[in-house]
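Trainee: Sequence plus the predicted model coming up.
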Amino acid sequence: MPDPRLRATAAQHELRSVRMSRYDVVVIGAGPAGEGAAMKLVKEGRRVAVVDQLGEVGGNCAHVGTIPSKALRQTVYNLMRFRRDPLLSRTAEIRSVPLSQVLARAHKVIELQVGTHHRFFERNDVDLYYGEARFEDGNTVSVLTSEGVSERIGFEHAVIATGSRPYQPKDIDFTHPRVFDSDKILQLDYPVQKLIIYGAGVIGCEYASIFVGLGYKVDLVNTQPQLLSYLDDEIADALSHYLRDLGVLIRNQEEYERVETFDDHVVLHLKSGKKIKGDAILWCNGRAGNTETLGLDAVGLQANSRGQIAVDDQYRTAVPHVFAVGDVIGPPALASAAYDQGRCAAAHITGSADVPHVDDVPTGIYTIPEISCLGKTEKQLTDARVPYEVGQAFFRHLARAQISGDTVGMLKILFHRETREILGIHCFGNNAAEIVHIGQAVMNLPGNSIDYFANTTFNYPTMAEAYRVAALNGLNRLF
Ligand SMILES: Cc1cc2nc3c(=O)[nH]c(=O)nc-3n(C[C@H](O)[C@H](O)[C@H](O)COP(=O)(O)OP(=O)(O)OC[C@H]3O[C@@H](n4cnc5c(N)ncnc54)[C@H](O)[C@@H]3O)c2cc1C
Ligand SMILES: NC(=O)c1ccc[n+]([C@@H]2O[C@H](COP(=O)([O-])OP(=O)(O)OC[C@H]3O[C@@H](n4cnc5c(N)ncnc54)[C@H](O)[C@@H]3O)[C@@H](O)[C@H]2O)c1
């Protein structure tokens, strides 16, 4: 694969002969952020070009990030349920399913998702260009394919939605067949007994659940003193407990010194002096924005040391007609937020300004068990001296959870003991990422109050009943 920078330099010589097309807006990146921006722009009558170097739409989200990891997780979850069911496990003994088979299902989902999103662009007359986009000047982008520059696009506004990629420390050989990052892991094609996962952020924890569920031994190396410390303490503790229960060995507050690679194994050397041997290592410690090859200087912009671009509350960069959205601007770095950021930027480009800035994004972590949270944690409320009360519902007491067998989990509602306003919702257990949205809807109502859940009749049996149980539990604590 030629160095894209060399490709760009060679190609720029041919620019005079290349066709120039003009658009109101060029969107660079066809992931959720770029799609959100492009769809809002065309709906408001703008002529839009979208450029992506992957050769298809969907972004890293559909091809290597959210979608494959969630499809894999679902298969593993189904497998774990199947193993747990005494009726089924008597008729069939499934010890483990080869990763290639598990991945086949993920690839099918990717195909379906890409097809769906492609039709969105097609039906809305968005022009798609496949190749690497690079700014030539403040109003022109060139699209580079492996054959050289194929198009030049003139624009009034640009939206940078180029996403992110795994951060790779320079001293680790990611070309080695036993060293993976979260993009490359989808190509794992040999049997693994023991996997070392370095980095216990969301990606590390999710993949730890997936691989332990597939029957691998997993060592999860965390650089922090506890898992996902921004979560409510009770939820973070529950995650550690259940990951350990599944068989994950969590090693907190450790940092790598070096990774030694061999033909058939790897050894991770830690600064604490420990050595961990595994069949392979999955590195998931942080991400970097995709900006190096964009030619940002040509448009008057600069990225920070993590490749991220600074924006204001309209997603406008330091250059007023250029916007940036999605992972390339840094946290929260979620597909959910990226799409809405794209729509918000587009609304400021067209002047409709009818999409709010993206705040209060819920956390949805697809570990096993799943976690989802919104609003304040107990620690934040205590530190701010807010007089709050807690209402809890344990899944093991709910009829629906007993029927489905998903009895691990809880819902916790934090509410103001005087105003009864709901301040935080914290859930773990099956479907937590769905369950949290019931609370989110009520929190966003003008009359946000825990009384809604005590005084509203819910279907029975449902997991939503957890809200009623938690509300009554919390209200009973008031005096
Ligand atoms: C393993 C994993 C699991 C995840 N799970 C979740 C989850 O469950 N929920 C969630 O909300 N988020 C999740 N995320 C995060 C989510 O995938 C990202 O937040 C989301 O993809 C960001 O969207 P984006 O549009 O900003 O960028 P991307 O999806 O990264 O898309 C950017 C696109 O820009 C293109 N591009 C880059 N540079 C150029 C260039 N110079 N020219 C042309 N094209 C270019 C890329 O090819 C890519 O297609 C996960 C991420 C990972 C890695
Ligand atoms: N279910 C979900 O919502 C979901 C699932 C997977 C990933 N994601 C998103 O993907 C992102 C990446 O997750 P992660 O687990 O890899 O890491 P992370 O963002 O939790 O970071 C892990 C560690 O790496 C450091 N780091 C991050 N970027 C760095 C860089 N460029 N250089 C040096 N250090 C860096 C961080 O400071 C942190 O200490 C998260 O922001 C998350 O929002 C979300």
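Mentor: Cool, the structure landed. Ligands and ions are numbered 1, 2, ... in the order given.
Trainee: Assumed I349 was part of a strand.
Mentor: No - per DSSP: H, G, I helix; E, B strand; the rest coil, I349 lies outside any strand segment and is helix.
Trainee: ok now do it, which residues does it touch?
Mentor: 25, 41, 46, 157, 159, 323 (Cβ atoms under 8 Å, 6 or more residues apart in numbering). Every residue, glycine included, has its C-beta placed from N, CA and C.
Trainee: Those residues: which two are farthest apart?
Mentor: Among the contacts of I349, the pair separated by the greatest distance (Cβ to Cβ) is R46 and F323, at 12.9 Å.
Trainee: Which one's more surrounded, these two?
Mentor: Applying other Cβ atoms under 10 Å to R46 and F323 shows that F323 carries more neighbours, namely 29 against 18.
Trainee: And the more buried one, what's its pLDDT?
Mentor: Note on F323: pLDDT of 98.
Trainee: could you say what helices and strands the host helix or strand of it packs with?
Mentor: Using DSSP states H and E, F323 sits in strand 322-324. Packed against strand 322-324, as judged by 3 or more Cβ pairs under 8 Å, 6 or more residues apart in numbering; DSSP states H and E, are the following elements: strand 148-160, helix 335-350.
Trainee: and the helix or strand that comes right after the longest one, what other elements does it pack with?
Mentor: Put plainly, it is helix 335-350. Using DSSP H and E, the helix or strand that follows helix 335-350 in sequence is strand 363-365. Counting contacts by 3+ Cβ pairs under 8 Å, 6+ apart, strand 363-365 packs against helix 202-213, strand 371-375, helix 432-443.
Trainee: May I see the buried residues of strand 363-365?
Mentor: Neighbour-count burial for strand 363-365 flags 363-365 (criterion: 16 or more other Cβ atoms under 10 Å).
Trainee: from these, which is closest to ligand 1?
Mentor: Closest to ligand 1 out of these is G364 (5.9 Å), distances taken as Cβ to the nearest ligand atom.
Trainee: got a pLDDT number for the residue in the stretch 101-250 of the chain that ligand 1 sits nearest to?
Mentor: Nearest residue of the stretch 101-250 of the chain to ligand 1, counting by Cβ to the nearest ligand atom: G163, 2.0 Å away. pLDDT, G163: 98.
Trainee: can you give me the offset of the strand holding F323 from its chain's centre?
Mentor: 21 Å (Cα atoms, centre = their mean, to the nearest Å).
Trainee: Stretch 147-156 now?
Mentor: A distance of 31 Å separates the centroid of the chain from that of stretch 147-156, by Cα atoms, centre = their mean.
Trainee: Check whether that stretch comes into contact with ligand 1.
Mentor: No - Stretch 147-156 stays clear of ligand 1 (Cβ under 6 Å from any ligand atom), getting no nearer than 11.3 Å.
Trainee: related to what we said a few turns ago, what about ligand 1: which of the contacts of I349 touch it?
Mentor: The subset of the contacts of I349 within reach of ligand 1, by Cβ under 6 Å from any ligand atom, is empty.
Trainee: Which one of those is nearest to T462?
Mentor: Comparing the contacts of I349 against T462 with Cβ to Cβ places L41 closest, at 39.6 Å.
Trainee: Now that closest one. Its backbone dihedrals?
Mentor: When read as degrees, to the nearest 10, the backbone of L41 gives phi -70, psi -50.
Trainee: try the one 10 residues further on
Mentor: V51 has phi and psi values of phi -110, psi 130 when expressed as degrees, to the nearest 10.
Trainee: Closest approach to ligand 1 from the stretch 251-400 of the chain, which residue is it?
Mentor: Counting by Cβ to the nearest ligand atom, the stretch 251-400 of the chain gets nearest ligand 1 through G326, at 2.1 Å.
Trainee: quick one: contacts for the residue nearest to the spatial centre of the chain?
Mentor: Central residue of the chain (Cα atoms, centre = their mean): L334, 4.4 Å from the mean position. If a contact means Cβ under 8 Å, 6+ apart, then L334 has V361 as its contacts.
Trainee: can you pull the pLDDT of it?
Mentor: pLDDT recorded at L334 is 97.
Trainee: For it, give its distance to G447.
Mentor: Per Cβ to Cβ, to the nearest Å, L334 is found 29 Å from G447.
Trainee: ok now do the residue nearest to C205 when sequence neighbours are not counted, which residues does it touch?
Mentor: Leaving out its chain neighbours, the residue that sits closest to C205 by Cβ to Cβ, 6 or more residues apart in numbering is T367, at 5.0 Å. Counting by Cβ under 8 Å, 6+ apart, T367 touches 205-206, 208-209, 239, 243.
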